[in-house]
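**Student:** build me a model from this:
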Amino acid sequence: LAMAPRGRAGGALQQMQAACAALHLERVGPGAWQALREATCSLTLDLQVDVEHVSVAHLQALAAALRPFAAEDAREVTAEMWAWLAGAIGEGQASEMPRLRALVAVLAQALGQPGDLVPPAASAYLALLSADGADQQWSSLFQPTIWRQMLCSLRCLRRADLKQRRERGGEANDEADQAEADDLGGDDDREGAAISSKDALELLSQVATFCNSRSLGSSAEATGLAVEEFAALAAKPLDDAVAKQAARALSGLVACAGGREETRRVAAAVIRAALPALLMTQERLTAFQGAMPKPLQQARAVVLGMVCGLIQSHPEALLTPQAFKEPREEGAEEEEPQPARKRTRKRGGKGDGGKDDDSDEAEEEPAE
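**Tutor:** Residues are numbered from 1 along each chain as shown. The predicted model follows:
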């Protein structure tokens with residue numbers, strides 16, 4: 001019975017090795033890793049890595065094989081996994097490349113081109129980042145280019161700008177209004193969407209779960225990009241579910257930021273990015289006829305709940321020292337402040353034979 005958990009963990013390691021073997025990591029060229037490190041921001045990513053043989057089933061099997069390694073009770077076999085991934089691929093042109101770098105390059109290439117491989121490749125990459133001990137390999141695992149590609153694939157969850165109708169006289173004005181509405185109705189981020197909205201919503205949920213369990217490390221650029229993209233989704237979501245998942249991701253970025261100063265910095269960036277949704281000014285229209293549109297009100301409600309949750313969860317980082325008081329232990333009695341005392345001078349009365357001048361003798365009276 002004592003060997004049962006170890007056997008299950010060992011089986012997970014074998015499944016992970018089999019999933020990597022199906023990806024044919026030996027086909028990754030020696031220049032793929034350097035190309036990944038030097039890649040710039042673009043809608044597509046070309047690392048000269050052949051992924052024609054990679055299928056959705058292969059990437060789904062890899063993601064499923066990696067998920068058990070996120071559990072803390074599998075640290076022993078997780079160490080074996082990292083040791084195996086650190087080894088060289090084997091004979092061939094990429095024999096000097098570690099398996100980990102080859103695996104990350106394959107996932108990056110699958111994420112970098114629109115198609116059905118994007119959702120399972122993103123799931124596998126998040127499962128790899130969530131594995132126990134990933135922080136020890138973070139410099140190789142977390143690549144800003146892959147993170148950027150993943151966040152850009154979620155832009156199809158943004159809604160188009162709202163259309164506004166104005167009542168004016170004359171056909172010319174009606175045509176102008178229609179032209180203005182057409183200009184505002186387009187959404188450039190939908191053009192060339194890498195994945196469908198359904199797959200993107202599922203991926204957003206996975207990214208939000210990852211942000212609530214792992215920190216992005218010391219990469220301020222990756223954190224800033226995540227705040228910007230999630231805030232845009234929360235301000236202009238396709239539906240309420242998108243706004244809630246984006247708000248959950250923003251809360252996770254703050255919760256896993258690290259120390260007090262880093263938490264304060266990330267929380268300030270989140271609130272600053274969420275201000276257009278709070279003020280309902282995310283649209284380019286100057287004014288609305290009648291009540292505010294329902295999409296703006298829904299986005300404001302979700303973002304407002306997120307901001308209130310941040311203040312409740314992190315008061316020491318967001319409130320001023322005067323407004324925040326450390327919670328006292330139960331049973332501790334609050335000491336009553338002692339009244340201040342002021343010094344007064346005695347005066348002698350003429351009728352009592354005293355002198356009508358100030359005396360050096362003084363007494364203390366409690367201050368009112």
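**Student:** mean confidence for the helix or strand where T223 lies?
**Tutor:** Assigned by DSSP states H and E, T223 belongs to helix 220-235. Averaging pLDDT along helix 220-235 gives 94.
**Student:** mind checking what helix or strand follows that helix in sequence?
**Tutor:** Next element after helix 220-235 (DSSP H and E): helix 240-255.
**Student:** just the buried positions in that next one, please.
**Tutor:** 242-255 (16 or more other Cβ atoms under 10 Å). The way it works is simple: take the backbone N, C-alpha and C, and place the C-beta from them, glycine included.
**Student:** pick out the most distant pair among the residues you listed.
**Tutor:** V242 and A255 (20.3 Å; Cβ to Cβ).
**Student:** who touches stretch 206-213?
**Tutor:** 122-123, 126, 129-130, 150-151, 154, 226, 245-246, 248-249, 251-253, 255-256 (Cβ atoms under 8 Å, 6 or more residues apart in numbering).
**Student:** for that stretch, which residues meet the burial criterion?
**Tutor:** Of all the residues in stretch 206-213, those buried under the rule 16+ other Cβ under 10 Å are Q206, V207, A208, T209, F210, C211.
**Student:** and for stretch 49-68?
**Tutor:** 49, 51, 54, 58-68.
**Student:** so for it, what's the average pLDDT?
**Tutor:** 93.
**Student:** centre of the chain versus it, how much separation?
**Tutor:** Computed by Cα atoms, centre = their mean, to the nearest Å, the chain-centroid distance of stretch 49-68 equals 25 Å.
**Student:** same deal with stretch 300-316?
**Tutor:** The chain centre lies 15 Å from the centre of stretch 300-316; the measure is Cα atoms, centre = their mean.
**Student:** mean confidence score for it?
**Tutor:** For stretch 300-316, mean pLDDT is 91.
**Student:** may I have it exported as CSV, CA atoms only?
**Tutor:** C-alpha atoms of stretch 300-316 as CSV (Å, rounded to 0.1, in the frame of the first residue of the first chain):
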residue,chain,number,x,y,z
ARG,A,300,-18.5,48.2,-14.3
ALA,A,301,-20.2,45.9,-11.8
VAL,A,302,-17.7,43.1,-12.3
VAL,A,303,-14.7,45.4,-12.1
LEU,A,304,-16.0,47.3,-9.1
GLY,A,305,-16.4,43.9,-7.3
MET,A,306,-12.8,43.0,-8.2
VAL,A,307,-11.4,46.3,-6.9
CYS,A,308,-13.4,46.0,-3.7
GLY,A,309,-12.0,42.5,-3.3
LEU,A,310,-8.5,43.8,-3.7
ILE,A,311,-8.9,46.3,-1.0
GLN,A,312,-10.4,43.8,1.4
SER,A,313,-7.7,41.2,0.7
HIS,A,314,-4.7,43.5,0.7
PRO,A,315,-5.5,46.5,3.0
GLU,A,316,-2.0,46.8,4.2
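**Student:** can you give me phi and psi for G112?
**Tutor:** Main-chain dihedrals, G112, degrees, to the nearest 10: phi -80, psi 0.
**Student:** swap that for A88, sorry
**Tutor:** Per degrees, to the nearest 10, the backbone of A88 is at phi -70, psi 160.
**Student:** number of nearby residues for it?
**Tutor:** 13 (other Cβ atoms under 10 Å).
**Student:** from P30, how far off is it?
**Tutor:** For A88, the distance to P30 equals 12 Å [Cβ to Cβ, to the nearest Å].
**Student:** and for these two, which residues touch both?
**Tutor:** With Cβ under 8 Å, 6+ apart, A88 and P30 have common neighbours E96, M97.
**Student:** what about the stretch 201-350 of the chain, any weak spots by pLDDT?
**Tutor:** Along the stretch 201-350 of the chain, segments meeting pLDDT under 70 span 284-290, 320-350.
**Student:** so where do the helices sit in it?
**Tutor:** Using DSSP state H, counting those that start in this stretch, the helices of the stretch 201-350 of the chain run over 220-235, 240-255, 260-279, 294-313, 315-318.
**Student:** now the first one: buried residues?
**Tutor:** Buried residues in helix 220-235, counted by 16+ other Cβ under 10 Å: A222, T223, L225, A226, V227, E229, F230, A231, A232, L233, A234, A235.
**Student:** pull that helix out as PDB, backbone CA atoms only.
**Tutor:** In PDB, the C-alpha atoms belonging to helix 220-235 read as follows (Å, rounded to 0.1, in the frame of the first residue of the first chain):
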ATOM      1  CA  ALA A 220       7.700  43.500 -15.000                       C
ATOM      2  CA  GLU A 221       7.100  43.500 -18.700                       C
ATOM      3  CA  ALA A 222       5.100  40.200 -18.600                       C
ATOM      4  CA  THR A 223       3.000  41.400 -15.600                       C
ATOM      5  CA  GLY A 224       2.300  44.800 -17.300                       C
ATOM      6  CA  LEU A 225       1.200  43.100 -20.500                       C
ATOM      7  CA  ALA A 226      -1.100  40.700 -18.600                       C
ATOM      8  CA  VAL A 227      -2.600  43.600 -16.700                       C
ATOM      9  CA  GLU A 228      -3.200  45.500 -19.900                       C
ATOM     10  CA  GLU A 229      -4.800  42.500 -21.700                       C
ATOM     11  CA  PHE A 230      -7.000  41.400 -18.800                       C
ATOM     12  CA  ALA A 231      -8.200  44.900 -18.100                       C
ATOM     13  CA  ALA A 232      -9.200  45.300 -21.800                       C
ATOM     14  CA  LEU A 233     -11.100  42.100 -21.600                       C
ATOM     15  CA  ALA A 234     -12.900  43.200 -18.400                       C
ATOM     16  CA  ALA A 235     -13.800  46.500 -19.900                       C
END
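**Student:** quick one: that helix to helix 240-255, angle?
**Tutor:** Here the directions of helix 220-235 and helix 240-255 differ by 150 degrees (axes from the mean of the first three to the mean of the last three Cα atoms, to 10 degrees).
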